[in-house]
Each structure stands twice: as structure tokens, then as C-alpha cells.
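*Asks:* Output the structure for:
(2 chains)
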Number of protein chains: 2
Amino acid sequence: MIRITDLKPRMLMGPGPSDVNPRVLHAMSMPTVGHLDSQFLLVMDDIQHMLRDLFQTRNELTLTFSGSGMAGMEACLDNLVEAGDKVLICVAGVFGARMKEVAERAHAQVTTISVPWGTVFRAEQVAQAMDQHGPFKLVGIVQAETSTGALQPIQPISQVVHAAGSLLLVDAVAGLGGVEMDVDGWQVDACYTGSQKCLSCPPGLSPATFGPAAVEAITQRKTPVQSWYLDLNLLKKYWGPERVYHHTAPINLYYALHEALRIVLEEGLAARWRRHQQAYQALHAGLDGLGLKYLADPACQLPTLNAVLTPAGYDEATGRKRLVNDFGIEIGAGLGEYRGKAWRIGLMGEGADQRHVDALLGALKQIL
Amino acid sequence: MIRITDLKPRMLMGPGPSDVNPRVLHAMSMPTVGHLDSQFLLVMDDIQHMLRDLFQTRNELTLTFSGSGMAGMEACLDNLVEAGDKVLICVAGVFGARMKEVAERAHAQVTTISVPWGTVFRAEQVAQAMDQHGPFKLVGIVQAETSTGALQPIQPISQVVHAAGSLLLVDAVAGLGGVEMDVDGWQVDACYTGSQKCLSCPPGLSPATFGPAAVEAITQRKTPVQSWYLDLNLLKKYWGPERVYHHTAPINLYYALHEALRIVLEEGLAARWRRHQQAYQALHAGLDGLGLKYLADPACQLPTLNAVLTPAGYDEATGRKRLVNDFGIEIGAGLGEYRGKAWRIGLMGEGADQRHVDALLGALKQIL
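*Replies:* The predicted structure follows:
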């Protein structure tokens, strides 16, 4: 039997979770209070206000789901889609493909378009698909594709999606807090993230926000949301002034998110995006020096997730094991068509600094 | 903006969450490691072993869902039921009614039987319903009905359910760790609980176990589970030897559960049930002395949840507010037909001792 206090700490530089600030761990360890305690309702109010700042939105329906980022994806599709609704999913990697699968399980009628891994969609491609196969109730796309490290520009996509009268759902799991996301400015109808990436909170929560058109779609449903646990028509009464008991929120994780969001906003969004960009540039230069090539098109490289090809013939799994065992650094393996051929290096939240970059580059020099 | 470290601690004597042992809070605050870290996989293995002891089962498929107890209920129904399957749900309070609703959202064809609040089912009633309206794929019942404080005997129900060839699903949310549950001995096919009740772990996890017939039903499904996040055919590959990445587990909550389960098993199940029984007897005697009457039939009173009628004309909400503000003690309100007319007092996990009982009785003397 392991003792939790004996676990060896890691420097987390994979695709998430990222390193958690001790302030957040400390807040999380405060005594649990009840989910209807007036003090806890204030914690929820604060979280809502801070999430609005983070998503850059005035959306009333801004909250966190009590599950990981995948619960957030599922919540969005389960709430926005009814059986038979036509949706278009843009697939540029594992998480786009996952969105297709989750939409199908929500009994949507799904059309997909795809681009090669490591590239992103041009707005015309989306417009053309909507023209040919639409109209669609909803278009889903991933902003920061964790499997490839490609950053999808959202604003031009939003324009064509709204021109065609559809709702836009954006997965911001690996991006929010590390790269720009302007929910109101870009007119994103629904957007979700995970707590454990660029927010540097422990995993287990999925903050999300829903604009007026999305709320209208949810309110006007003809059929119940298939998930009771993730049903926004119920959840909004717990987060709203009614305070109707729904599920028992994971109190201590909410404490952690509260403190993590305070840290994000103390730094400021623009400063935070800049820091992620600077860490990325330092890492990129160092990886170049080691002869490691990025998987994604340089024109759309995501700073928070660096997917690089491992040298031909090199056993990437052994390399990762050495990084963990000899240096205490965790990075991620390649996914899908890059399994066994790539590493995924995260620079997220607390991990996006020169110290992390130098530690990893130093270790890579030894093991390559 | 609130500071989490400024929150006033409470003595949690409502229907959950219950007081959390400082050992658990401390374990939870250890640095986050990755969800595929070999150290974390050992944590998961330990959790599985300890959950088998807790549920008294050898079931291979024993794990925790990464969501609250309601996610566990939804997971069981989503996995065990396919659209059109006939299920029988036994309703004796809010959580039985909830099970009906969740089964309907899983597109089951649901029949319900019910008994008055505060009473439990006799096996003959269930047998008769199965005879009249069956056959059913599954029968769902709540062991410890948190809304009424009635304890449903499971073993006789199990006999009639299996005689009719159905699967038995038991909600053990408010009971497990506080009253007996013998999954193998009683032949319970699927059983789930919540982390925040008699296990005294923070909320956010739902441990569950599935016997061979349940696993067979899940494996042989003709349609995908409607929830990707809760799909046991995927989850079992993450918990099993394959270790296939599914979702990012809420690492620190798993730490907490690991430590909470260690505490449960250090004490021993029989000793723990005895302690809950003793605390209940002390509370019951004290409440009698104050003239407060229990809501449930005394023959089936659940020791872990004491629902008592508040005196006629007494404003129960003001009473609860005084308990919190003047004494730092949280108890729960009545639900459903007992809203405004009852209190629900939990004696769960860390809260099932003389100290809690005395503190509450002392406070009640002042406010009544």
C-alpha cells in the first residue's frame, strides 16, 4: 500500500495536468463546508465572476461542471443538441474526433470535415461544408488541439458559422489562460475548458460559458437533456439566485479553482499570454538546437503544447521513462498516428517559465 | 472576494458532506502528479483493492467514477440499460424518484412501485410487481434513502429479483461505510456510493462495483453507452491492466479517497457500523428528550440519517440558520413533502461520535 505523502513530486510538462501552485493546494485542503452553506455560495459567485473575466464574457450562464474537461465537452453537446439535430464537427486531431463521437452519443446527425494533423481549418472550408451539407444547428471545433499542438484561429470561423445561422461550440481545454480567447468579442456561443491545463488547478472541473443563443437553444429544448448530472436547465438553478440543490459539488475542488482563478487574474490575461509565448520561444529555440522538429505547421503553432517528432529509430517511451525517473520531469507521448513517434511537451500555467524550459532542455541533452 | 482560508469551519451534521479527517485533507494537498504516472496507477490499484474490501466483493470491475454520487447513479443506469429496456424502480423518497428520472433519460421503459415516505419495501411487493409487469432487465432500489432516513433491507429484495432473472442495482450513497453492505453475500449486481457521506472524503467521487452479470450486460450491449465520460467499456481499460488513457482523473480527489479508505479499513467495517449505531442511539435518546419525533418507521430507521419532524409552527429554516451562525453546526432541511417540516441530521463517518451528538443536542436545547 502506497502512502500519498510518499509520492515523488514531478515537474509536470505533459499535456496536463500542469504544476499546481502551493497556494492552490493549500486552499484545497481547507475544511470542507456544505454545498448549500452561505459561505460556499459566495465561493461559487466569485468563481462565476472570475470565469467571466477569464472567458472575456458577460454571459450570465458561466459556471463550472463538476467533472473533467471531457465532462465539459459532453455537457455542451448533451445540452445543445437534441436527437436528430444536424451538427458539423471539424476534426484536426484526437479531440476533434472525440467531439464527433460524443455528438453521436448525444444522437446528433453528425457531419465531419477534417484537415491533416498539425494543420488548422480555413474559414472557407467550414463555409463550404455548411453550404454543401447544412444547415447545421451547431458547429464544433477545437481551439487548441492537444494531440498536435496546432492553434485554430476562432474568429474567422465564427464569422462564417454565424453567417449561416449556426451555433459555435469551441473546445478551449488546452488553451484557456495560456492563449487568447475572447468569447464575446469573437461571438463564441459555447466554450468549455479543463481546470488542469493553463489554469494550473488540479483536474476534475470543467469551466464553461454559454451565450444568449445557446441558452435559448437549451431552454427551448423539446426533450430532456440525456444527462441529469450535466443538465444546464437544472444546474443554472443551483448557480443562479434560486440556489436549488442539484448535485453535491466537489467543494474542495471549487476551493482550488477559486484560488487558481485569483492567481490567473492577479497576473492579468495579457501578461499571462505573453509569458506563455516567451516560454514557448525559449523552448522552441532549445529544441531546434537539439535537432527536434515540430509536428505542426509553424504558422499555427500553439505555445502551450509543443508536439515534436522524436528522432527516427529512437525509443521515445524509454526516453520519457528516463525523464521521469532520472529527472522527475513528465512529458506526454504522441497520440493517434504519432504514437511512438512524438513527444508532447506542455508549457501550461505554472509550467510556462524559463525554469521549466531550462530543466527540460538540460535533461533532453542528457538522454538524446 | 472571499478568501478560502477565511472560511469558517463547520461541524457537518447534514445529509453530507460529512466532516473530513485532517489526514484526508492533508493527503489531498500533496502535489498533483500525472494521471498516467506509474505512481498514480499504484494509487488507483490501492483504491480498487480497498473498495473491494469496503463493498465486500471480489468484483474485478470495482472503481470510482470521477463525479459525485449522482454521476454514479447515472453511470450505472447509462451502462446497464439500453433504449427500450424494461426496468423497475422502487421509489420510497427523493432518491428513488431521481433514479426513475435518470433511467428515463437513459431511454429505459420504466415501471415504478412506491411505498409511503419513511417506510421500506417488502420483498413480496417487489416480487408481485415483477410478476405483473415484468420481465425486467433491472430493478433499482435505494438502500439508505437520504430524504427519509429509512433503511431498506437489501438481501430479501435481492432474492426475489434474482428469482425473476433481473439485475439488482443498489444505491448505497448514504449508507456505505456506516451500515452493512455485503455485495457478494447479498448478490448485488451493481452498487454505487458517494465519497462525501459515511466515507468522510470530500465530495466529487462515486465509487462503484459491478458483478459478473452486470459486466456481461455492459459488454454485450448492442448500442454505445450514451455517456462517453461514464462509459464502463472505456473506463475499465483505464482501471485495468491496459491502462488506456480515458479522461484525466481528478488526481487530488483520488489522493483523498485513498486516505479516507485507509482510515475506514483501519477501523474495520464491523467496528465502524457499531460506532454509527451507538452514535445514533445516543442521538435518538437525546432527540426523544427534546420531544422531536422521527419521520421514518422505527423498524427501519437508518442510523446515518435522522429525519425528524420539527415542532408544529416552528420555523425550521430559522432554526437551521441559528445552528450554523451561533454554533457552527450544519444540519439539513426536509425534502419533498417534508420541506419546511423536518430536519435531516447526519451521523456519517467522522461525524458519528458522542462529541457531535452532544454538540448538536446542546445547541438544539438552546434554539428550540
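*Asks:* tell me the domain boundaries of chain A?
*Replies:* For chain A, automatic domain parsing gives the domain ranges A:4-17+A:269-367, A:23-265.
*Asks:* Can you say which of those domains is nearest to chain B?
*Replies:* domain A:23-265 (2.8 Å; CB to the nearest CB). Any C-beta I mention is one placed from the backbone N, CA and C, and that applies to glycine too.
*Asks:* and the closest one, average pLDDT?
*Replies:* Mean pLDDT, domain A:23-265: 97.
*Asks:* Start and end of it, how far apart?
*Replies:* When the termini of domain A:23-265 are compared using CA to CA, to the nearest Å, they are 14 Å apart.
*Asks:* What lies in contact with stretch A:14-21?
*Replies:* Stretch A:14-21 has contacts (CB atoms under 8 Å, 6 or more residues apart in numbering or on different chains) with A:11-12, A:146, A:173-174, A:194, A:196-198, A:200-203, A:256, A:259-260, A:263, A:305, A:330-332, A:344-346, A:348-351, A:356, B:31-35, B:248, B:251.
*Asks:* which residues are contacting stretch A:272-285?
*Replies:* Contacts of stretch A:272-285 (CB under 8 Å, 6+ apart): A:177-180, A:198, A:264, A:267, A:294, A:301, A:303-304, A:306, A:345, A:347-348, A:351-354, A:356-357, A:360-361.
*Asks:* just the buried members of the residues you listed?
*Replies:* Using 16 or more other CB atoms under 10 Å in any protein chain shown as the burial test, the contacts of stretch A:272-285 include A:177-180, A:198, A:264, A:294, A:301, A:303-304, A:306, A:345, A:347-348, A:351-353, A:356-357, A:360-361 as buried.
*Asks:* so of the contacts of stretch A:272-285, which ones are in strands?
*Replies:* A:294, A:306, A:345 (DSSP state E).
*Asks:* Adding pLDDT and distance to chain B, write these out as TSV.
*Replies:* Listed next are the ones in strands among the contacts of stretch A:272-285 as TSV, based on pLDDT from 0 to 100; distance: CB to the nearest CB, whole Å:
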residue	pLDDT	distance to chain B
A:294	98	22
A:306	98	17
A:345	98	13
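*Asks:* closest to residue B:319 among those?
*Replies:* residue A:345 (56.8 Å; CB to CB).
*Asks:* And for that closest one, nearest residue in space, chain neighbours not counted?
*Replies:* residue A:306 (4.3 Å; CB to CB, 6 or more residues apart in numbering or on different chains).
*Asks:* Please enumerate the helices of chain A.
*Replies:* Using DSSP state H, the helices of chain A run over A:22-28, A:38-55, A:69-80, A:94-105, A:123-133, A:155-163, A:212-219, A:232-239, A:251-267, A:269-289, A:316-327, A:354-367.
*Asks:* Mind putting those into TSV with distance to residue B:134?
*Replies:* Conversion of these to TSV gives the following (distance: least, CB to CB, whole Å):
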stretch	distance to residue B:134
helix A:22-28	48
helix A:38-55	44
helix A:69-80	31
helix A:94-105	29
helix A:123-133	45
helix A:155-163	49
helix A:212-219	37
helix A:232-239	31
helix A:251-267	41
helix A:269-289	59
helix A:316-327	52
helix A:354-367	61
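*Asks:* what residues does the stretch 251-368 of chain A put near chain B?
*Replies:* A:251-253, A:255-256, A:258-259, A:262, A:324, A:330 (CB under 8 Å from any CB of the partner chain).
*Asks:* Can you say which two of those residues are spatially most distant?
*Replies:* A:251 and A:324 (31.9 Å).
*Asks:* between these two, who's got more neighbours?
*Replies:* The neighbour count for residue A:251 versus residue A:324, taken as other CB atoms under 10 Å in any protein chain shown, is higher for residue A:251 (25 against 20).
*Asks:* got the contact list for the more buried one?
*Replies:* Contacts of residue A:251 (CB under 8 Å, 6+ apart): A:32-35, A:40, B:17, B:202-204.
*Asks:* For the residue found closest to residue A:222 once you drop the neighbours it is linked to in the chain, the count of nearby residues, please.
*Replies:* Nearest residue to residue A:222, sequence neighbours excluded (CB to CB, 6+ apart): residue A:82, at 6.4 Å. Neighbours of residue A:82 under the rule other CB under 10 Å: 19.
*Asks:* Cross-check the contact I'm expecting between residue A:82 and residue A:224.
*Replies:* No. Taking contacts as CB atoms under 8 Å, residue A:82 lies outside contact range of residue A:224: 9.5 Å.
*Asks:* Deepest-packed of the helices of chain A, please.
*Replies:* Of the helices of chain A, the one with the most neighbours on average (mean count of other CB atoms under 10 Å in any protein chain shown) is helix A:69-80, at a mean of 28.
*Asks:* Let me know whether residue A:96 touches residue A:89 as I believe.
*Replies:* Yes. With contact defined as CB under 8 Å, residue A:96 and residue A:89 form a contacting pair (6.4 Å).
*Asks:* Between those two, which contacts overlap?
*Replies:* Shared contacts of residue A:96 and residue A:89, counting by CB under 8 Å, 6+ apart, come down to A:112, A:140-141.
*Asks:* Columns neighbour count and distance to residue A:126 on top of those, output as CSV?
*Replies:* Formatted as CSV, these follow (neighbours: other CB atoms under 10 Å in any protein chain shown; distance: CB to CB, whole Å):
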residue, neighbour count, distance to residue A:126
A:112, 17, 12
A:140, 31, 11
A:141, 26, 8
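*Asks:* among these, which are within reach of chain B?
*Replies:* Okay, of the shared contacts of residue A:96 and residue A:89, nothing touches chain B (CB under 8 Å from any CB).
*Asks:* out of those, which are inside strands?
*Replies:* Using DSSP E, the shared contacts of residue A:96 and residue A:89 in strands are A:112, A:140-141.
*Asks:* Take those and lay them out in a markdown table including distance to residue A:320.
*Replies:* A markdown table is the format used below for those (distance: CB to CB, whole Å):
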| residue | distance to residue A:320 |
| --- | --- |
| A:112 | 31 |
| A:140 | 31 |
| A:141 | 30 |
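*Asks:* thinking again about what came up before, which one of the contacts of residue A:251 has the most neighbours?
*Replies:* residue B:204 leads the contacts of residue A:251 on contacts (other CB under 10 Å) with 34 neighbours.
*Asks:* which residue packs closest to it, ignoring adjacent ones?
*Replies:* The nearest residue in space to residue B:204 (CB to CB, 6+ apart) is residue A:250, at 2.9 Å.
*Asks:* How about the contacts made by residue A:42?
*Replies:* residue B:2.
*Asks:* now the most centrally placed residue in chain A: how far from residue B:216?
*Replies:* Residue closest to the mean C-alpha point of chain A, counted by CA atoms, centre = their mean, is residue A:173 at 0.4 Å. Distance, residue A:173 to residue B:216, by CB to CB, to the nearest Å: 35 Å.
*Asks:* and what of residue A:2?
*Replies:* Taking CB to CB, one finds residue A:2 at 32 Å from residue B:216.
*Asks:* sorry, back to before: any chance of the residues of the stretch 251-368 of chain A next to chain B in a markdown table, plus distance to residue A:232?
*Replies:* Listed next are these as a markdown table, based on distance: CB to CB, whole Å:
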| residue | distance to residue A:232 |
| --- | --- |
| A:251 | 21 |
| A:252 | 24 |
| A:253 | 19 |
| A:255 | 23 |
| A:256 | 23 |
| A:258 | 21 |
| A:259 | 26 |
| A:262 | 26 |
| A:324 | 39 |
| A:330 | 34 |
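*Asks:* quick check, nearest of the residues you listed to residue A:25?
*Replies:* residue A:256 (7.6 Å).
*Asks:* Do I have it right that the closest one meets residue A:200?
*Replies:* No. Contact criterion CB under 8 Å: residue A:256 and residue A:200 do not qualify, at 9.8 Å.
*Asks:* hey, what's in contact with both of the two?
*Replies:* A:20, A:24.
*Asks:* neighbours around residue A:6, how many?
*Replies:* Count around residue A:6 with other CB under 10 Å applied: 8.
*Asks:* Good, we can wrap up now.
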